[in-house]
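> sequence first, predicted coordinates after that:
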Amino acid sequence: MVKASASQPRLSNVLVLDNGASTIKAGFATRNTDLSDCSVVPNCIARSRDRRLYIGKQLENCKDFGSIVFRQPVEKGYIVNWESQKEIWDRLLLDDDSPLKCDPKTTTLILTEAPNAPTPLQTNVDQIIFEEYEFGAYYRCPASQLISWNNIGQLFDPGTPTQHNAAECVLAVDCGYSFTQVIPVINGRPYQAGIRRIDVGGKVLTNYLKEMFSVRQLNMMDETYIVNEIKESCCYVSSDPKRELDICKRKKQNDIVKEYVLPDYKNLHKGILRDVAERHHLGKDMEQTLVVGNERFMAPELLFHPGDVGYRQAGLTEIIMKSAESVPEEYRALLLANIVLIGGNALLKGLKERLEAELIPMAPENHMVRISIPEDPIKFAWQGGVALGNNKTALEQHRVTRADYQEHGTTWLAKRMLGQQAPTVQTAGSAAMASNKRRRSPG
């Protein structure tokens, strides 16, 4: 075992890196840091049809996304391809022209991971951080754990005093690219017995759309990027999918059906969503288009009915209730009153309203159901990491220095990180008081 040296470099920077499967959200934690300081970088290596290679942020320079092929280092929330991941991180952290270029030896890294990651994968991460990059200190935790460091109370009541420590109870609903997870966070730590997951995320929704378009209209199986743009521009969660399906069948012209003009990357570099009637008005018969009808709401419906594509799992509403019911009774009222939606799919219109409509009848009569979506649900975990990074006392308690790692080794580090994530559950008087409140409509 390598013995730590007596003099250690001063840790002057805190870098927060939310390493998502679709995008990396990264930036330094300072007192003046805001959302605009967060760099959002595609977490992929892409090869275009003209054989050009784009790594991470370089994807912004791509002019032709037709049939582009992606290689992503994160699968099902876990880093499984370190050759690709390290290439992306190198461009992000070490390139001279990167705004995040830093000296790892003087930097504390706060890194997110998926909950319940296999130990060998966690060990790989620890070794890369301390042995390859040589970061001075490091804290690894689920993204949902970081959101509790945000001002959760102000999401529901703007007049709530500023929060300086982790929120007492948050029910984080992470609607991400690889999966959708519900995680109770109690006193700043995930409650393991309450974690629930369905294997439906943004990737599954995009693939489902590709299949529907390919069977019904044009072969879009190689057009992942374009179909993902269609999903982001026009998909929504329906409050009554059966009624809207009937509308699409019975009425040829309705407010649901739209038309998407596909880019040709010569005259049109980005697709255009428009009403079907506009095609005749503009008279552009040479355009290649897709008619987007019930696909707009049937793809997101997989979040509520995963069985439609073969997943033997409960839907989002059911797993939220199961998660809340699995925690000690004195915390359930607070969790249901502090549900926070994060991740890219939280941007789907109608998701919050659909969850409220289904959860309120399922919740106990004396429990209030409140759901909030942050200003930017994609950056919200990163924002919480910045708040933790600015709390020097809390950060000192959570982080592990490279000197400690060199002295004690990987096994000790794994136990230390696990201990940081183990919840401390005690009887909470405020939770008991909250359970006596009568349920009322969210507002």
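All right, it came through fine. This one's a predicted model, so the numbers in the text were calculated from it and none came from an experiment.
> keeping just the C-alphas, turn stretch 39-51 into PDB.
What follows is stretch 39-51, C-alpha atoms only, in PDB (Å, rounded to 0.1, in the frame of the first residue of the first chain):
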ATOM      1  CA  SER A  39     -21.800  22.900 -19.100                       C
ATOM      2  CA  VAL A  40     -24.100  20.300 -20.700                       C
ATOM      3  CA  VAL A  41     -22.100  17.900 -22.900                       C
ATOM      4  CA  PRO A  42     -23.300  14.900 -24.900                       C
ATOM      5  CA  ASN A  43     -22.000  11.700 -23.200                       C
ATOM      6  CA  CYS A  44     -21.200   9.900 -26.400                       C
ATOM      7  CA  ILE A  45     -18.800   9.400 -29.300                       C
ATOM      8  CA  ALA A  46     -20.600   9.700 -32.700                       C
ATOM      9  CA  ARG A  47     -19.600   8.800 -36.200                       C
ATOM     10  CA  SER A  48     -21.500  10.500 -39.100                       C
ATOM     11  CA  ARG A  49     -22.200   9.000 -42.400                       C
ATOM     12  CA  ASP A  50     -19.200  10.900 -43.900                       C
ATOM     13  CA  ARG A  51     -17.000   8.900 -41.400                       C
END
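> might you report the residue contacts of Tyr139?
108-111, 395, 398-400, 420 (C-beta atoms under 8 Å, 6 or more residues apart in numbering). C-betas here are computed from N, CA, C, even on glycine.
> what about 10 Å?
With contacts defined as C-beta atoms under 10 Å, 6 or more residues apart in numbering, the neighbours of Tyr139 are 14, 16, 108-112, 145-146, 385, 388-389, 395, 397-400, 416-417, 420.
> host element of the closest residue in space to Phe65 that isn't next to it in sequence?
Closest residue in space to Phe65, ignoring its immediate chain neighbours: Tyr225 at 4.2 Å, by C-beta to C-beta, 6 or more residues apart in numbering. Element membership for Tyr225 (DSSP states H and E) is helix 224-234.
> buried sites along that helix?
By neighbour count with 16 or more other C-beta atoms under 10 Å, helix 224-234 contains the buried residues 224-231, 234.
> over to stretch 83-90?
Neighbour-count burial for stretch 83-90 flags 84-85, 88-89 (criterion: 16+ other C-beta under 10 Å).
> check the offset of it from the chain's centre.
Averaging C-alpha positions (C-alpha atoms, centre = their mean, to the nearest Å) puts stretch 83-90 20 Å from its chain's average.
> could you do stretch 392-403 as well?
Taking C-alpha atoms, centre = their mean, one finds stretch 392-403 lying 25 Å from the centre of the chain it belongs to.
> please report how far Pro142 lies from Ala381.
As for Pro142, its distance to Ala381 is 9 Å (criterion: C-beta to C-beta, to the nearest Å).
> tell me the residues that contact both of the two, please.
The contact sets of Pro142 and Ala381 overlap at 112, 172, 174 (C-beta under 10 Å, 6+ apart).
> helix or strand: which one has the second one?
Translated: Ala172. Going by DSSP H and E, Ala172 is in strand 169-175.
> helix or strand right after that strand?
Taking DSSP H and E, what comes next after strand 169-175 is strand 180-186.
> for that next one, packing partners?
Helices and strands touching strand 180-186, by 3 or more C-beta pairs under 10 Å, 6 or more residues apart in numbering; DSSP states H and E, are strand 137-142, helix 143-147, strand 169-175, strand 189-190, strand 196-198, helix 316-325, helix 329-336.
> circling back: please save the CA atoms from the helix holding Tyr225 in PDB.
Output of helix 224-234 as PDB, limited to C-alpha atoms (Å, rounded to 0.1, in the frame of the first residue of the first chain):
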ATOM      1  CA  THR A 224     -32.000   7.900 -33.700                       C
ATOM      2  CA  TYR A 225     -31.100  11.600 -33.500                       C
ATOM      3  CA  ILE A 226     -34.000  12.800 -35.700                       C
ATOM      4  CA  VAL A 227     -36.600  10.700 -33.900                       C
ATOM      5  CA  ASN A 228     -35.300  11.900 -30.500                       C
ATOM      6  CA  GLU A 229     -35.800  15.500 -31.700                       C
ATOM      7  CA  ILE A 230     -39.300  14.600 -32.800                       C
ATOM      8  CA  LYS A 231     -39.900  13.200 -29.300                       C
ATOM      9  CA  GLU A 232     -38.600  16.300 -27.600                       C
ATOM     10  CA  SER A 233     -40.600  18.700 -29.800                       C
ATOM     11  CA  CYS A 234     -44.100  17.200 -29.800                       C
END
